[in-house]
Every structure is written in structure tokens, then in C-alpha cells.
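Student: Return atomic coordinates for the entry below.
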Amino acid sequence: MACCQRASRSQSNPMTETSRRQGAGSMPRWLRLSLLVFAGLLLAAVLAIVITVYLLLQPERFTAMLQTQARAAGLELNLASPASPSLFPHPALDLHGITLNARGATAPILLAARGKLGLPWRTLFGGPTVISTLQIDSPRVDLDALQAWLTTLPARPSGTPPNIPRIDTGVSINYGSLVRGNQLLLANVNLDAGRLRSGQPFPLSMSANTASGTMLKLRLSATPRIRGNALQLDNINLHLSQGGALMLQLSGSAYWHGAADAVAHLAGKLEHADAGQYAISLALTPADQSNPLLLALKLEGQDAHVDLRLPPLALARWWSQLGDPGNPVLTVPPGSGELQAKKIETGGITIEGLSMKAGDSLPASASTAAAPRPAAGKP
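Tutor: Now for the predicted structure:
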């Protein structure tokens with residue numbers, strides 16, 4: 001019986017294997033050939049599209065565009081190596097060894113290890129040349145070189161409306177630094193800016209470390225608009241913090257008509273971990289035939305009262321001369337007004353009972369009425 005069972009099993013196995021082979025090879029030969037041809041055509045189409053897109057990227061086209069725009073602004077843009085294209089996850093150009101300096105200047109304004117330009121697909125297929133995103137890694141910005149370039153820019157002709165540069169998606173800066181010559185001002189600068197278009201809110205956030213290691217954080221939002229021949233900023237909200245000791249919050253609006261024709265009104269609060277909270281306001285008035293651009297600063301708190309009128313342009317020149325190691329100039333800062341504080345601590349120095357007045361005409365205090373004059377003959 002056992003022999004018969006083994007014989008029957010051995011006879012059934014070939015039939016089972018034959019049926020399996022027939023089931024596995026049930027697909028007709030013409031269908032297999034058709035699928036292979038279709039797969040080959042699909043692969044060839046994908047390769048053709050990839051090659052075409054790479055040709056459409058034309059890295060030298062965008063490099064030349066950036067260099068042309070830089071030259072129009074009096075700048076020179078150089079790359080350590082030609083730009084390299086990439087397709088995924090979106091079309092982009094990688095830039096390596098970026099150097100940006102004023103025309104004819106030796107000190108670079110910006111040095112960056114790497115940059116990346118994001119491009120929309122419509123640009124590749126004949127659309128307008130638009131850069132959707134800009135990412136810069138480890139940039140180094142020299143403030144002295146930047147200021148030297150700004151002084152060479154021609155004044156905007158009177159009546160020419162300002163222009164808002166358009167950023168479709170945003171700008172990202174990672175691990176940057178701000179220097180003045182060989183002096184480090186800010187390190188680990190990280191900045192993210194959103195879409196910049198007229199009439200739409202523009203967000204910006206930044207974090208950095210000071211030379212002493214203190215963390216700075218900035219959040220700014222505003223809505224830019226062109227009104228006539230002026231650039232207007234509505235719904236300004238600014239939040240600045242320095243470590244856990246200082247916090248400044250301001251809101252308001254501003255507009256710029258060119259040169260020193262600018263107006264701004266900002267108000268908010270200043271909080272200090274040790275000194276408490278202060279009400280603060282800033283008002284910028286435009287220059288005219290007899291007065292320069294002026295900034296009115298008012299600060300009111302339990303231990304301090306500040307009411308100053310400062311010319312920002314002259315103050316910036318005074319500050320740059322004060323920090324010049326070759327020829328330091330120690331003078332009284334420009335401006336007028338009064339300052340009263342019970343106690344000031346800065347840089348390891350403590351000043352108590354400070355009272356200071358400057359200028360011939362003092363602005364009226366924001367919180368106190370003018371004292372009545374004594375009658376004639378009375379002290």
C-alpha cells in the first residue's frame with residue numbers, strides 16, 4: 001500500500017508543476033512585448049524631459065542676470081565656480097564661493113560659502129525670469145564696506161516713485177555674521193523673510209548673538225504700499241529682545257518719500273528685568289529748508305524720564321567717528337532735550353542721580369505741563 005501511495009504522489013507532481021508553469025506563462029507573448037516597448041518609450045521620454053529641463057536651466061543665463069543687476073547697482077558679483085543646476089524637489093541653482101563688493105573696492109561687502117536660487121517651473125519654460133527663493137549659507141557682511149557703497153549711490157530724482165523689490169517666496173540666511181573691519185558685531189545670524197509684495201503683510205524674523213554672546217531676537221511685520229510717490233508702511237509691529245534682560249515692543253506706521261523726507265510714528269513699551277517697564281514713543285519728522293531729519297524719543301517710567309530730539313544722520317556720523325580706532329573723536333553727541341534717571345548701569349559702570357540737558361530749545365515733556373512763570377518782582 002505504501003508503494004502505491006508513493007507511486008500516485010510521484011505521478012501527480014509532474015502534472016502540478018506543468019499546471020503551475022502554464023499559469024505563470026499565461027500572459028501572451030505579444031502583451032509582454034508591448035509592455036516592454038511601452039516601458040522603454042516611457043524611460044526615453046523621462047530622460048528627454050530631464051535633459052531638456054537641464055538645458056532650459058542654463059546656469060550661465062541666471063548668473064549673467066545676477067551680475068548685470070549687480071553692475072547696475074555699482075556692485076561686482078563673482079563666483080568661485082560656475083553655478084550648478086538641480087531639479088528636485090524643485091528647480092534651483094547652487095552658487096559656491098560668493099563675493100560681492102563695490103565696483104573698484106577691494107574690501108568685499110559680502111562673502112558667502114554657498115547660495116541657492118529657487119526657480120519656478122514657468123521660468124524654465126519661457127516665462128519671466130523670476131527667482132522664487134534665495135538661501136545664503138554662512139554669509140559675512142562688512143558694515144564699513146556696505147556704508148562706503150551706500151555713500152556712492154546717486155540720489156533718487158525728485159518725483160520718482162520708490163520701488164518695492166518683489167520676493168515671491170522668501171529669503172533665508174543661515175549662520176551669518178556682521179563685522180566692521182576685523183571687529184565682530186553679530187554672530188550666528190539666522191534670518192527668514194516671507195513674501196514681499198505691495199499691499200500684503202511682510203513678516204521677518206531674525207536671531208543673532210552679540211560679540212559678548214548675548215542672544216538677540218527680532219520679529220517684524222509690516223504691510224508695504226506705494227501711495228503716490230511715497231513708500232508707506234502700515235501695521236508695523238516690532239518685537240526686539242536681548243537675552244532675558246531687555247524687551248522692546250513698538251507698533252505704528254511710517255512712510256518714505258526719498259532722501260531725508262521720511263515720517264514715522266511708533267509707540268509701545270520697554271521692559272527691563274531690573275528697572276521695570278517704561279512707555280516709549282518715537283516720532284520721525286522730515287527735513288526741510290531749515291531743519292534736518294529729526295527723531296523725537298520719549299521715555300517715561302518710574303525711575304527715568306527722557307525727552308530728546310536727535311538728528312539720525314548726524315548721530316550716525318558721530319557714532320562712526322567715535323568708533324574709529326585710527327582717529328577716535330570724543331565729542332558730545334548731536335541733539336537736544338533732557339534726560340533724568342535715578343540709576344543707570346552699563347558696562348560695569350553705575351551712575352546714580354543722572355540729570356542732563358542739552359540744546360537751546362528743549363521740547364515740552366509728554367507727561368508734564370509747562371510750569372507757570374513767576375509774577376514780576378517775585379523769585
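Student: what about Tyr254, neighbour count?
Tutor: Not Tyr; residue 254 is Ala. 17 (other C-beta atoms under 10 Å). Where you see a C-beta, it was placed from the backbone N, CA and C, and this is true even at glycine.
Student: Secondary structure element for it, which one?
Tutor: Assigned by DSSP states H and E, Ala254 falls within strand 246-258.
Student: What about Ala148? Give its phi and psi, please.
Tutor: phi -60, psi -40 (degrees, to the nearest 10).
Student: is it true that it touches Ala102?
Tutor: Yes. With contacts counted by C-beta atoms under 8 Å, Ala148 reaches Ala102, the gap being 6.5 Å.
Student: between these two, who's got more neighbours?
Tutor: More crowded of Ala148 and Ala102, by other C-beta under 10 Å: Ala102, with 21 against 14.
Student: Was I right to think that one contacts Ala145?
Tutor: Yes. The criterion here is C-beta under 8 Å, and Ala102 meets it with Ala145 at 6.8 Å.
Student: Identify the contacts common to these two.
Tutor: Ile109 (C-beta atoms under 8 Å, 6 or more residues apart in numbering).
Student: pLDDT weak spots in the stretch 51-200 of the chain?
Tutor: In the predicted model of the stretch 51-200 of the chain, residues 51-58, 87-88, 121-131, 155-169 satisfy pLDDT under 70.
Student: can you map out the strands along it?
Tutor: Remark: strands assigned in the stretch 51-200 of the chain by DSSP state E, counting those that start in this stretch are 75-86, 92-102, 110-118, 133-137, 140-142, 170-180, 183-193.
Student: what separates Leu295 from Arg219, distance-wise?
Tutor: Using C-beta to C-beta, to the nearest Å, one gets 22 Å for the distance from Leu295 to Arg219.
Student: quick one: which of these two has more around it?
Tutor: Neighbours around Leu295 and Arg219, counted as other C-beta under 10 Å, are more numerous at Leu295. The numbers are 18 against 15.
Student: Next, count neighbours for Leu42.
Tutor: Quick note: Leu42 (other C-beta under 10 Å) scores 10 neighbours.
Student: cool, and Leu185?
Tutor: By other C-beta under 10 Å, the residues close to Leu185 number 14.
Student: quick one, what contacts it?
Tutor: Leu143, Leu178, Val179, Thr210, Ala211.
Student: so how many other residues sit close to Val306?
Tutor: With other C-beta under 10 Å as criterion, Val306 counts 19.
Student: show me where pLDDT drops low in the stretch 201-350 of the chain?
Tutor: 319-332, 343-350.
Student: Sketch out the strands for it, chain order is fine.
Tutor: 202-210, 215-227, 230-242, 246-258, 261-272, 276-285, 294-300, 304-310, 336-346, 349-358.
Student: Nearest to Leu111, out of those strands?
Tutor: Each of these was scored for nearness to Leu111 using C-beta to C-beta, and the closest is strand 202-210 (17.2 Å).
Student: quick one on the thing from earlier: now the strands of the stretch 201-350 of the chain as CSV including distance to Ser34?
Tutor: Converted to CSV, those look like this (distance: least, C-beta to C-beta, whole Å):
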stretch, distance to Ser34
strand 202-210, 55
strand 215-227, 59
strand 230-242, 63
strand 246-258, 68
strand 261-272, 72
strand 276-285, 75
strand 294-300, 78
strand 304-310, 82
strand 336-346, 82
strand 349-358, 87
